[in-house]
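1. Here is the input, now give the coordinates:
(one chain, ligands or ions: 1)
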Amino acid sequence: MDNFSTSTNISFPFHQLPYWSSSHDFAISILLSSFHSALVLVLLFAPLVFAKLKGSTRNDEESNQAPLPPGPTPWPVIGNLPEIWKNKPVFRWIHGLMKQLDTDIACIRLGNIHVIPVTSPEIAREFLKKHDSVFASRPITMATEYASQGFLSTALVPWGDQWKKMRKVLASNIISPARLSWLLHKRTQEADNLVRFIYNQCINSENDSISNGSVINLRLAVRQYTGNVIRRMMFNKRYFGKGKADGGPGYEEEEHVESLFTVLKHLYSFILSDYVPWLRPLDLEGHEKIVSEAMKIVNGYHDSIIDERVQQWREGKKNEPDDLLDAFILAKDSNGKPTLSVEEIKAQCTELMLATIDNPANAAEWAMAEMLNKPEILQKASEEIDNVVGKDRLVQEADIPKLNYVKACAREAFRLHPIAPFNIPHVSNADATVAGYFIPKGSHVLLSRTGLGRNPKIWDEPLEFKPERHLKDGCGSKVDLTETELRFISFSTGRRGCMGVALGSEMTIMLFARLIQGFTWNVPPNESKIDLSESEDDLFLAKPLHALAKPRLPAALYTQL
Ligand code: HEM
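-> Next comes the predicted model:
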């Protein structure tokens, strides 16, 4: 499917308008009670506003200042808010707009904020390498405020002391190499459970005979695997409730993972009040209701566990750390005092769950879907695992360095099927000139994950799933999932780059390798191909992937799990 195809009614010619001060918004806010009346008033007063703007318009030629990147003509005061209100999903509108403009960088003014989407690796590198320190903040949005419980965590928090403190705690106490190897057995436990869960479905299939295989809901399996791994590492448990005897999720785990995905979907979703904060009480898109309810569910599962554990440590009922929650509680500052408040621990636990569940699951689901339609690739990946690991034991994290073809498949999934259309936004803390354009302080820079990964100037046959493109000299040299040159975005780079490269890579490869090693996979009976359509509203496979699985290892390997 063409990701960039979308119809727009953008007015030409394109030109730039100056940064509009927040005091104007505030003054207007007193007069307005809804967005629509705002629009009517603004249109009525447009000539006046234009006259006012003219006085403060930055004249690029006169001031010798670089121009803003090209973009649609903004309305006075509200900028291009009407366009994002009208053209949903907004990410498809933005990509369509950039295609029409034939540009790798654009400027869309939303309220008084300049939103700068980017689709070329050279420009992306200018932002995140050359000007990394300038573009190191994050936007404040309604949903990030909920998810970070008032900006107490790391990834969603603007540049500043809180971000520095939390990043330091994560680096030294939570996702250090020593900590990861300490928790290896927990990850292995959940990798084993994934195989057990699928095997049990094969045994319990209506076909009666295991040799006929069973149709597996792979989306459910991969999302529960990522949820299980992080629950196990964080809280030393797979199940909040009773769980299921076959290793599958209970109601609670499904609700937990679903709510986390709901929060993720809304973090940066172009709602009007993220650009014009006084609109927030109106909740025009209904997102605040959705996000607050999802966070209530997530907190409902986490809070009692965290409160109880803190109490156990305070009362001396616990003296040996078992998991990441203990590591958070035990983190001490230079005076030997606890580094984190209970609120900070809660916020950071949720954020790590959000950071962990989505990417590995989405990459594995898409890679399997693509490979089911290209069985020769699936065959090559399973041969590699057979050669490296054999069929007498299950693949382990220690095997990962030798699984270059499997890693190339996962890398290809990140390139072609990123979890989200844009990287987490980077906000500038000063004016800058990038790629010859003026980028005002406070701009939101959106590196397009699809724009980079599917860029025909960078990638040959960009819409084709071709893992071989990542193998430099056959299968010999090392492949990994990072892409610091930003030819696509996996973990990104720089000051705000992903902190979970090691854990994220291990989880992705193990998930993928266990699926391939443990089972032969085919399209379900009565289907000739997997439908690879992408969802219209996001980048997930439009329909959850289902595939026919048959065990391919000796039965004893499964029954001992
Ligand atoms: C395959 C899995 C993962 C992928 C593809 C991924 C990707 C990313 C990306 C693209 C960013 C934004 C970088 C930027 O703003 O330029 C990010 C940020 C971040 N990731 Fe990951 N991530 C993964 C797993 C994890 C895991 C497992 C953790 C931790 C346990 C983690 C922790 C973080 C943190 C803390 C940040 C924010 C850094 C900051 O703002 O300072 N990620 N990740």
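2. can you pull out the helices in the stretch 451-561 of the chain?
-> Using DSSP state H, counting those that start in this stretch, the helices assigned to the stretch 451-561 of the chain run over residues 501-518, 555-559.
3. Break down the stretch 301-450 of the chain into its helices, ranges please.
-> Under the criterion DSSP H, counting those that start in this stretch, the stretch 301-450 of the chain carries helices at the ranges 324-330, 342-373, 375-389, 404-416, 449-453.
4. so what secondary structure elements neighbour the last one?
-> Helix 449-453 makes packing contacts with helix 90-101, helix 404-416 when contacts are defined by 3 or more C-beta pairs under 8 Å, 6 or more residues apart in numbering; DSSP states H and E. Where you see a C-beta, it was placed from the backbone N, CA and C, and this is true even at glycine.
5. Just the CA atoms from stretch 546-558 would do, formatted as CSV, please.
-> C-alpha atoms of stretch 546-558 as CSV (Å, rounded to 0.1, in the frame of the first residue of the first chain):
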residue,chain,number,x,y,z
HIS,A,546,-3.0,-15.5,12.1
ALA,A,547,-0.8,-18.4,10.9
LEU,A,548,-0.8,-22.1,10.9
ALA,A,549,1.9,-23.5,13.3
LYS,A,550,3.3,-27.0,13.6
PRO,A,551,5.9,-28.0,16.1
ARG,A,552,9.3,-28.8,14.4
LEU,A,553,11.4,-29.9,17.3
PRO,A,554,11.5,-33.2,19.3
ALA,A,555,8.4,-33.3,21.6
ALA,A,556,10.5,-33.6,24.7
LEU,A,557,11.8,-30.1,24.2
TYR,A,558,8.3,-28.7,24.5
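6. Flag every residue of the stretch 151-300 of the chain that's near the ligand.
-> Counting by C-beta under 6 Å from any ligand atom, the residues of the stretch 151-300 of the chain close to the ligand are 154-155, 167, 170, 175.
7. got a markdown table for the helices and strands packed on helix 449-453, with mean neighbour count too?
-> Formatted as a markdown table, the helices and strands packed on helix 449-453 follow (neighbours: other C-beta atoms under 10 Å):
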| stretch | mean neighbour count |
| --- | --- |
| helix 90-101 | 21 |
| helix 404-416 | 26 |
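8. Adding distance to Arg495 and mean pLDDT as columns, could you present those helices in TSV?
-> Listed next are the helices and strands packed on helix 449-453 as TSV, based on distance: least, C-beta to C-beta, whole Å; pLDDT from 0 to 100:
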stretch	distance to Arg495	mean pLDDT
helix 90-101	25	98
helix 404-416	21	98
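9. Which of the ones you listed sits closest to Leu128?
-> Smallest distance to Leu128 across the helices and strands packed on helix 449-453 (C-beta to C-beta): 16.8 Å, for helix 404-416.
10. So what angle separates the directions of that closest one and helix 342-373?
-> 110 degrees (axes from the mean of the first three to the mean of the last three C-alpha atoms, to 10 degrees).
11. Is there contact, residue-wise, from stretch 487-499 to the ligand?
-> Yes: Stretch 487-499 is in contact with the ligand by C-beta under 6 Å from any ligand atom, via 489-492, 496-499.
12. are any of those residues buried, and which?
-> 489-492, 496, 498-499 (16 or more other C-beta atoms under 10 Å).
13. which among these gets closest to Ala555?
-> Ser490 (36.8 Å).
14. thought the closest one was touching Leu481?
-> Yes: counting by C-beta atoms under 8 Å, Ser490 does reach Leu481; the two are 5.2 Å apart.
15. intersection of neighbour lists for the two?
-> Residues within reach of Ser490 and of Leu481 at once, by C-beta atoms under 8 Å, 6 or more residues apart in numbering, are 411, 414.
16. distance between the helix or strand hosting Glu288 and the chain's centre?
-> Counting by DSSP states H and E, the element that carries Glu288 is helix 287-314. Distance of helix 287-314 from its chain centroid, counting by C-alpha atoms, centre = their mean, to the nearest Å, is 21 Å.
17. same check, this time on stretch 160-170
-> With C-alpha atoms, centre = their mean, you get 20 Å for stretch 160-170.
18. so where's the stretch 101-250 of the chain uncertain?
-> 205-211 (pLDDT under 70).
19. And the helices in it?
-> So, for the stretch 101-250 of the chain - with DSSP H, counting those that start in this stretch - the helices run 121-125, 142-147, 161-169, 177-182, 184-203, 218-235.
20. for Trp75, which residues make a bridge with it?
-> Gly79 (DSSP bridges).
21. how about the closest residue to the ligand within the stretch 351-500 of the chain, what does it touch?
-> For the stretch 351-500 of the chain, the residue closest to the ligand is Gly500, as judged by C-beta to the nearest ligand atom, at 2.1 Å. Shown here is Gly500, whose contacts under the criterion C-beta under 8 Å, 6+ apart are 175, 355-356, 491.
22. one more time with 6 Å
-> Counting by C-beta atoms under 6 Å, 6 or more residues apart in numbering, Gly500 makes contact with 175, 355.
23. Look up phi and psi at it.
-> Dihedral pair for Gly500: phi -110, psi 30, per degrees, to the nearest 10.
24. ok, now how distant is it from Lys289?
-> Taking C-beta to C-beta, to the nearest Å as the criterion, Gly500 is separated from Lys289 by 30 Å.
25. got it, and Ala435?
-> Taken as C-beta to C-beta, the span from Ala435 to Lys289 is 40 Å.
26. Neighbour count for these two, which is higher?
-> Ala435 (16 against 10; other C-beta atoms under 10 Å).
27. show me the contacts for the more buried one.
-> 105, 123, 126.
28. How about Pro544?
-> Arg219.
29. ok, now how distant is it from Pro525?
-> 17 Å.
30. Point out the residues in this structure that sit beside the ligand.
-> 154-155, 167, 170, 175, 352, 355-356, 359-360, 423-424, 489-492, 496-500, 503-504, 508.
31. ok so, going back, could I get the residues of stretch 487-499 next to the ligand in TSV, plus columns for pLDDT?
-> Converted to TSV, the residues of stretch 487-499 next to the ligand look like this (pLDDT from 0 to 100):
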residue	pLDDT
Ile489	98
Ser490	98
Phe491	98
Ser492	98
Arg496	98
Gly497	98
Cys498	98
Met499	98
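32. right, and out of these, which lies closest to Arg238?
-> For the residues of stretch 487-499 next to the ligand, the nearest to Arg238 is Met499 (24.2 Å; C-beta to C-beta).
33. OK, contacts around the residue in the stretch 51-200 of the chain positioned nearest to the ligand?
-> Proximity of the stretch 51-200 of the chain to the ligand (C-beta to the nearest ligand atom) peaks at Ala155, 3.2 Å away. By C-beta under 6 Å, 6+ apart, Ala155 lies in contact with Glu351.
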